[in-house]
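Enquirer: this one's sequence-less:
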């Protein structure tokens with residue numbers, strides 16, 4: 001718009017210059033004509049001019065004398081309004097630009113703050129990760145130390161607990177209830193943790209758990225220990241845990257642990273209250289039958305003997321209708337297999353248990 005105004009001003013200046021030049025030229029011509037007319041009057045030589053030419057000349061002179069500002073105002077009015085509008089639009093654009101720049105500056109500061117906080121969080125996360133790794137290593141070391149210490153102590157206690165006098169000393173102490181609860185919770189956690197990835201027998205965890213079960217097995221090997229365990233709430237809870245472990249522990253790899261549990265349950269069945277408590281557990285005969293069927297494929301003689309012995313103890317309980325129904329559902333092919341087993345002791349014991357089962361069923365019918 002400023003360029004357009006300059007062009008209009010320049011054109012007006014040129015136009016005014018031309019008008020002024022023509023005006024001066026006409027004035028000069030007029031004066032020369034007057035001088036000539038005066039000279040002619042003086043010399044009595046007159047020039048005759050028609051009325052029309054004189055009117056036209058007067059009109060031209062009047063026209064030249066008219067000042068040009070009106071022409072300038074009319075011709076520059078529209079460009080001036082356009083210039084004002086553009087100036088206003090330019091002012092608004094500049095204001096919007098300033099607002100945008102201010103907003104950009106704010107967003108930039110906000111972004112820088114966010115980036116700084118993000119970097120700080122990354123550093124904090126790295127530091128926390130390092131601390132977690134250190135704590136994990138310390139926890140692993142402590143776990144290994146505790147497992148090793150527990151394995152060593154419990155293994156020694158397992159050996160010492162073979163003496164019946166030692167069993168009485170253990171049971172008289174004030175920590176036996178806590179010990180039984182510890183054995184129960186440890187077995188549950190052990191089975192849940194390693195059910196799909198059973199550890200090696202030589203690992204510290206395995207030795208620790210086996211030692212715990214061995215101690216309780218030696219405890220129920222004594223009459224005083226059997227009575228104490230079956231009358232203690234923690235002792236009955238441990239028996240329930242033993243049954244769960246027999247059901248949940250994987251086949252094959254957990255053979256040693258299951259064997260210790262079966263020995264403990266057999267020792268418990270010698271006690272009158274113990275055999276009643278075991279026979280009250282629904283599904284225990286089915287569980288033992290499943291263990292027998294499982295060990296048919298592995299040919300584990302210890303399992304056959306302890307399982308058959310426990311079944312024999314359970315069927316000796318009178319007035320147990322649930323036990324009768326479970327005995328009727330006992331798979332016959334398992335007992336038939338054991339009655340023809342290559343080991344004479346297992347074969348004779350299986351024949352004896354099978355006969356006791358049949359007699360028990362017929363007597364109840």
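Expert: Sure, I can see it. Remember, it's a predicted structure, so these values are computed and weren't measured experimentally.

Enquirer: Helices of the stretch 101-250 of the chain, start to end?
Expert: 164-172, 176-194, 204-219, 223-231, 233-248 (DSSP state H, counting those that start in this stretch).

Enquirer: Distance to residue 118, mean neighbour count and mean pLDDT added to those, as CSV?
Expert: Every C-beta, even on glycine, is put in place using the N, C-alpha and C of the backbone. Shown next, in CSV, are the helices of the stretch 101-250 of the chain (distance: least, CB to CB, whole Å; neighbours: other CB atoms under 10 Å; pLDDT from 0 to 100):
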stretch, distance to residue 118, mean neighbour count, mean pLDDT
helix 164-172, 60, 15, 83
helix 176-194, 38, 17, 91
helix 204-219, 43, 23, 90
helix 223-231, 61, 19, 90
helix 233-248, 47, 18, 92
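
Enquirer: got the ones you listed as CSV, with distance to residue 258 columns?
Expert: Shown next, in CSV, are those (distance: least, CB to CB, whole Å):
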stretch, distance to residue 258
helix 164-172, 23
helix 176-194, 11
helix 204-219, 10
helix 223-231, 19
helix 233-248, 6
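
Enquirer: Out of those, flag the one nearest residue 261.
Expert: Closest to residue 261 of those, according to CB to CB: helix 233-248, at 4.6 Å.

Enquirer: what residues does the closest one touch?
Expert: With contact meaning CB atoms under 8 Å, 6 or more residues apart in numbering, helix 233-248 is reached by 177, 180-181, 183-184, 187-188, 191, 195, 216, 228-230, 254, 257-258, 261-262, 264-265, 268, 277-278, 281, 284, 287, 291.

Enquirer: Tell me how far residue 274 lies from residue 33.
Expert: 158 Å (CB to CB, to the nearest Å).

Enquirer: between those two, who's got more neighbours?
Expert: residue 274 (24 against 13; other CB atoms under 10 Å).

Enquirer: Which helix or strand contains the more buried one?
Expert: Residue 274 belongs to helix 272-279 when assigned by DSSP states H and E.

Enquirer: So for that helix, mean pLDDT?
Expert: Mean pLDDT, helix 272-279: 88.

Enquirer: and that helix, how far out from the chain's middle?
Expert: Offset of helix 272-279 from its chain centre (CA atoms, centre = their mean, to the nearest Å): 48 Å.

Enquirer: now swap in stretch 134-150 and tell me
Expert: With CA atoms, centre = their mean, you get 27 Å for stretch 134-150.

Enquirer: same check, this time on stretch 150-161
Expert: 42 Å.

Enquirer: Pull out the buried residues from it.
Expert: 150, 151, 154, 155, 157, 158, 161 (16 or more other CB atoms under 10 Å).

Enquirer: which ones are touching residue 199?
Expert: Applying CB under 8 Å, 6+ apart, the residues contacting residue 199 are 205, 206.

Enquirer: Now do it against residue 210, distance only.
Expert: According to CB to CB, residue 199 stands 11 Å off from residue 210.

Enquirer: Same question for residue 80.
Expert: Taking CB to CB, one finds residue 80 at 106 Å from residue 210.

Enquirer: Determine the three-state secondary structure at residue 342.
Expert: Secondary structure for residue 342, judged by DSSP: H, G, I helix; E, B strand; the rest coil, is coil.
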